[in-house]
Structures are given as C-alpha cells and as structure tokens.
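Visitor: I'd like to go over a predicted model; first the sequence, then the structure.
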Amino acid sequence: MVERNHLQMSVKRQAELLGVNRASIYCKPSDQEDKDIELMHLIDEIYTRWPHYGYRRIRVVLRDRGCVVNKKRVLRLMRRMGIAGLCPGPNLSKRNHQHHVYPYLPRGVKPESPDHVWGIDITYIRMKGRFMYLVAIIDWYSRYILRWELSETLEQSFVIRALKRALATRKP
C-alpha cells in the first residue's frame, strides 16, 4: 500500500496515514521464515508419526531426508510449535514411603487347578489427549482372562463391576 517513489507524499507521511511504524515499511521480509515454515511442516509430519522422538532424532530423520539443519534449530522450532518428545518423567520407579505396603498373601501357594488363584491388574492406556483405564481379572493357573472392563475414570465402580461379573460366571 506504500509507494516509496511517490512524488507528492513522503514515506513518513504514508506511514502516519496508515498507522504503521516506518521501520516496518523499510523491512524486507526474509525468505528464512518460509524455510522455517517448510521445516516446521516436516517436523510436524515426523512428530505425528513418531511422537516419542525428541529433537535429536527428528534432526537425524530430517538429515536422512536431505535437510541440512542443526539440532538447536530443530529444538527452537519444536518449542515454537509447542511440541516435545514423549518420555517418562524422572524418578518414576521410586516408591512413596508414606504409602502402606500390603503383604503378598499367596506367597508359597501354587495354583493347582483353574479357579484356584485369581489375580487382578489395573493399567492405563494412553489415548489421544486422555487416558483410559483397563482392569483385568486373571486366572493364574490357566492364565485366562476371566473378565475385563474399560473406563475413562479411575474409580472403583468399574473394578467392582468387573469382579461381580467374574464371580457370576466362575467361582474361585
């Protein structure tokens, strides 16, 4: 909208009328932004396929695809995009000493027939943007899953429901 070689109106006056900073008129857009956007599309494609990759591995994949880029630039663009490799947090295997430790009751008991010893396990399944919780009731002798339930929340109701359904069909 600004004509730099206008005969009757200076660039300063044109900038005042448009309400823009005069320095932005003289600034030429760099092609670096276009390269960054192309690179961000490639990073997004790689991250969508392998969300556990960090900036180092993404850089290796980009290098294999023919892009010459260093890891600091990949890290900067990933931060700008708001993405990071999925990895476990620190100290996840350390137990909380304030929690009560329950004794292992079936110590020394060998399952000798079906329905002799049952076990139960609760785990989570990572979904896109949330978690689902899975409970499974297992017969230790046959290693058969007697009943399982899936829930969006970690409440005891779905565990009790799975146990009641297992007890309705089998008797330990």
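Guide: Alright, I've got the coordinates.

Visitor: tell me which residues of the longest helix belonging to the chain are tucked away?
Guide: Ranked by residue count under DSSP state H, the longest helix found in the chain is helix 32-49. Buried residues in helix 32-49, counting neighbours by 16 or more other CB atoms under 10 Å, are found at 36, 39, 40, 42, 43, 46, 47. Yep, even glycine has a C-beta here, placed from its N, CA and C like the rest.

Visitor: spit out the contact partners of the fifth one.
Guide: For residue 43, the contacting residues are 58, 62, 74, 77, 78, 81, 83, by CB atoms under 8 Å, 6 or more residues apart in numbering.

Visitor: what is the worst-scoring helix or strand of the chain on mean pLDDT packed up against?
Guide: Using mean pLDDT, DSSP states H and E, the weakest-scoring helix or strand in the chain turns out to be helix 22-26, at a mean of 81. Here helix 22-26 touches helix 11-18, going by 3 or more CB pairs under 8 Å, 6 or more residues apart in numbering; DSSP states H and E.

Visitor: and the helix it packs on, how far out from the chain's middle?
Guide: 48 Å (CA atoms, centre = their mean, to the nearest Å).

Visitor: list the helices and strands it packs on?
Guide: Partner elements for helix 11-18 (3+ CB pairs under 8 Å, 6+ apart): helix 22-26.

Visitor: so among the buried residues of helix 32-49, where is pLDDT lowest?
Guide: Confidence by pLDDT is poorest for residue 36 among the buried residues of helix 32-49, given 87.

Visitor: before I go, just wanted to say thanks for your time.
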